[in-house]
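S.K.: Okay, predicted coordinates and the sequence, questions at the end:
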Amino acid sequence: MKRYLVTILTIVIFLGLLLQGCGPKQPATTEAPPAATEPQATQPPVTEPPVTEPVNIAFWHAMSGHNGEVTEELVKRFNESQSGVIVTSTYQGSYDDAINKLKAGLQSKDVPAVVQVYDLGTRLMIDLGVVTPMQDFIDAEGFDVSDIEPNVANYYSVDGKMYSMPFNTSNPVLYYNKTMFAAAGLDPEKAPRTWDEVATDARALTLKDASGTTTQYGCSFAIYGWFVEQFIAVQGGYFVNNNNGRTALATEATFNGPEGVNLLTWWKGMNDEGICTNLGRATADTKKAFDSGLVAMTLDSTAGLRDRITAAEGKFEVGVGFLPRANEADYGTAGTIIGGASLWILNARPAEEQAAAWEFVKFMSSAASQAYWHIQTGYYPINSAGYNEPDDIAWRAQYPQFQVAIDQLHMAPLNNVTAGGLIGVFPEARQTVETAIEACFAGGSTPQEALDTAAQSVTQSIQDYNDNIGH
């Protein structure tokens with residue numbers, strides 16, 4: 001029995017020592033512990049907050065050359081501005097290349113969180129059902145979009161909902177050589193505003209040598225479907241029915257109306273007279289002709305303004321005017337359509353990536369980012385607060401040509417004409433229109449006949465698309 005008690009006592013002492021060793025160490029003290037009172041509440045353990053990793057997202061874009069460098073700089077600035085999101089940007093080729101790669105990626109689920117898609121892809125992106133509308137993020141946060149240019153937001157909004165955030169936005173302007181204007185006895189500070197004025201100035205600007213060879217043309221406009229859409233819009237015309245597909249789904253092309261016929265009649269007339277030269281579809285060719293002094297006037301996006309100024313440096317002064325209208329009265333009733341591209345958030349990515357993408361989109365559309373983008377490229381700010389940035393104010397003071405596109409945007413009425421056409425086959429439609437213009441210029445058909453043929457083809461494509469998409 002005695003041995004049994006010793007054994008029990010040994011076990012008790014061992015357990016006491018073990019428990020004491022597992023407990024927290026007490027600080028050494030010479031004072032007696034306080035007398036026990038009421039039991040004290042147990043304090044929760046102090047823990048360090050979990051270390052969260054940044055969310056990595058992919059951004060696909062279609063900006064090349066200098067504009068691509070500026071895009072990469074903005075991405076770099078965003079990554080350095082915070083620690084919660086890391087954006088990896090990838091150039092995907094042209095606008096058409098980018099959207100084709102996106103379609104392929106949707107099959108394999110290999111898609112980015114954010115993608116830049118050109119204006120023509122708006123109807124297609126919505127119909128594919130692959131995006132989280134930007135309006136969802138705007139509403140959830142109560143994000144203030146009052147500074148977003150209304151005419152720009154109008155293009156990317158359908159049924160009152162903004163589906164994507166505008167990023168690079170432009171409109172077409174008339175570029176003219178002020179030095180040539182002065183030499184021809186024209187006012188270099190007065191750009192032609194109407195089609196008749198363009199023709200009159202082009203006659204004065206066209207020069208021939210002793211052999212009768214033309215050495216300088218009054219103008220050259222690329223055979224570009226976007227220009228056709230713009231020239232129809234500034235006459236108050238629609239490209240497709242149902243108010244450009246804005247009040248109901250578009251089912252028929254309407255660009256073969258009087259607005260389109262008037263345009264081709266004027267344009268072809270100048271070509272036939274020899275005061276305007278046809279250099280084909282590529283805007284790169286008309287830009288080159290303008291930069292070299294072969295032509296005195298051309299059309300291009302305002303996004304090319306910085307390049308035009310740089311190319312003309314030391315040779316001539318670049319003037320910028322509004323897109324000419326058929327009549328002076330059109331300035332009070334119609335306006336241009338925006339061009340460019342916007343940022344879309346894809347719903348195939350996890351929720352945390354979409355939330356991170358929204359932070360990136362807000363940064364890219366901020367006043368500071370858009371002012372930097374404007375100065376570096378010529379695309380005007382989609383955020384009107386960008387005009388108040390000191391650098392942007394100073395830039396426009398130095399180069400007032402940049403103000404023209406802004407004024408043209410602000411003078412355009414907010415309606416379904418300036419909202420632009422909304423169809424899922426826009427790339428194909430533009431090419432069809434360009435083919436019609438070529439046929440007209442070659443003398444194979446009249447302006448009406450050429451546009452009727454094109455409209456019939458585009459109408460069939462629209463109806464086939466609507467059927468395939470399930471509308």
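M.R.: Received it, and whenever you're ready, just let me know what you need. Values in this document were obtained by computation on a predicted structure and should not be read as measured data. Numbers count the residues shown, from 1 in each chain.
S.K.: okay, and for this structure, where does confidence drop off?
M.R.: Counting by pLDDT under 70, the chain contains low-confidence residues at 1-51.
S.K.: Point to the residue nearest the middle of it.
M.R.: What sits nearest the mean C-alpha location of the chain, by C-alpha atoms, centre = their mean, is Ala341, with 2.3 Å.
S.K.: residues in contact with that residue?
M.R.: Ala62, Tyr95, Gln116, Val117, Tyr118, Asp119, Phe167, Asn168 (C-beta atoms under 8 Å, 6 or more residues apart in numbering). No exception for glycine: its C-beta is placed from N, CA and C like everyone else's.
S.K.: So Thr71 belongs to a helix, correct?
M.R.: Yes - counting by DSSP: H, G, I helix; E, B strand; the rest coil, Thr71 falls inside a helix.
S.K.: give the contact list for it.
M.R.: Applying C-beta under 8 Å, 6+ apart, we find Thr71 in contact with His61, Met63, Ser89.
S.K.: please redo it, this time with the cut-off set to 6 Å
M.R.: His61, Met63 (C-beta atoms under 6 Å, 6 or more residues apart in numbering).
S.K.: Tell me how far it lies from Gln376.
M.R.: The spacing between Thr71 and Gln376, counted by C-beta to C-beta, to the nearest Å, is 10 Å.
S.K.: cool, Ala210 as well?
M.R.: 45 Å.
S.K.: Any chance of TSV for the contacts of Ala341, columns distance to Ala326, neighbour count and secondary structure?
M.R.: Supplementary listing: those in TSV, determined by distance: C-beta to C-beta, whole Å; neighbours: other C-beta atoms under 10 Å; DSSP: H, G, I helix; E, B strand; the rest coil:
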residue	distance to Ala326	neighbour count	secondary structure
Ala62	33	23	coil
Tyr95	29	20	helix
Gln116	34	27	strand
Val117	32	23	strand
Tyr118	27	19	strand
Asp119	24	23	helix
Phe167	32	26	strand
Asn168	29	29	strand
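S.K.: closest to Pro413 among these?
M.R.: Ranked by distance to Pro413 (C-beta to C-beta), these are led by Asp119 at 18.7 Å.
S.K.: who touches that closest one in this structure?
M.R.: The contact partners of Asp119, by C-beta under 6 Å, 6+ apart, come to Gly339.
S.K.: at 7 Å what do you get?
M.R.: Tyr155, Gly339, Gly340, Ala341 (C-beta atoms under 7 Å, 6 or more residues apart in numbering).
S.K.: Where is the longest helix in the chain?
M.R.: Longest helix in the chain by number of residues (criterion: DSSP state H): helix 447-469.
S.K.: got the residue ranges for the helices in the stretch 301-450 of the chain?
M.R.: For the stretch 301-450 of the chain, the helices identified by DSSP state H, counting those that start in this stretch occupy 305-312, 351-364, 367-377, 390-398, 402-411, 416-419, 426-441, 447-469, in order along the chain.
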